[in-house]
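> from the sequence below, what's the structure:
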Amino acid sequence: MDINRNRNTNVKGAAFHKQAKDSLQSILDHFMAMINLMKVEDVSQIQVKDQVPRILTNTTDDFEMRVRAHNMVRAFESLLKLVSDLKDQAVLYDFRAINDAVRAQRQRFKNQQSDVDTKLVSLRDRLALEMVKFEDEYSNKSPFKTANN
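Residues are numbered from 1 along each chain as shown. Have a look, this model is predicted:
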């Protein structure tokens, strides 16, 4: 059972590791491509006749940067989902911690139960004593007292 759980955990861990590595690589690749697109050309080399192709190139570069930025955002969202999944797995599948918490809670309730039982026994004894006193008082004050009492 523990071997299967460890194997399953290792497989999930490897999948999480691969997903994180792929997302980070995607972010890095897109960032480097965006840096390469941000080239600055010398104005003296650009002539007036080259303005139309330059505008077209700039528009294309702008579109490519937007697409790459969107892909980076998707990779970051994938990383955030991965972190959320890891947190959920740590919380939901940490049976040892859950069992320890249940054991501690059970022990706390047992202690409370014994405290309440002790208090109830004490209260019962005090009530019994008071009832005996009230019965004695009632029987002494009773107008229907018989001659034998």
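
> look up how far residue 127 lies from residue 12.
Residue 12 sits 60 Å away from residue 127 when distances are taken as CB to CB, to the nearest Å. Using the backbone N, CA and C atoms, a C-beta is placed for each residue, glycine as well.

> oops, could you answer that again for residue 103 instead?
Separation of residue 103 from residue 127 (CB to CB) stands at 36 Å.

> of residue 12 and residue 127, give the one with the bigger neighbour count.
With neighbours defined as other CB atoms under 10 Å, residue 12 and residue 127 compare such that residue 12 has more, 14 against 10.

> what's near enough to touch that one?
For residue 12, the contacting residues are residue 89, taking CB atoms under 8 Å, 6 or more residues apart in numbering as the criterion.

> repeat the analysis, applying 6 Å as the threshold.
Residue 12 is in contact with no residue at all, counting by CB atoms under 6 Å, 6 or more residues apart in numbering.

> average model confidence for the host helix or strand of it?
Taking DSSP states H and E as the definition, residue 12 sits inside helix 2-37. Computed over helix 2-37, the mean pLDDT rounds to 81.

> after that helix, next one along is what?
On the C-terminal side of helix 2-37, the closest following helix or strand by DSSP H and E is helix 51-92.

> mind picking out the helix or strand in this structure with the poorest mean pLDDT?
For the chain, counting by mean pLDDT, DSSP states H and E, helix 2-37 ranks last in confidence among helices and strands (a mean of 81).

> next, the angle from that helix to helix 51-92.
Computed with axes from the mean of the first three to the mean of the last three CA atoms, to 10 degrees, the direction of helix 2-37 lies at 160 degrees from that of helix 51-92.

> got the buried residues for helix 2-37?
If you call a residue buried by 16 or more other CB atoms under 10 Å, then helix 2-37 has these buried ones: 23, 26, 27, 30, 34.
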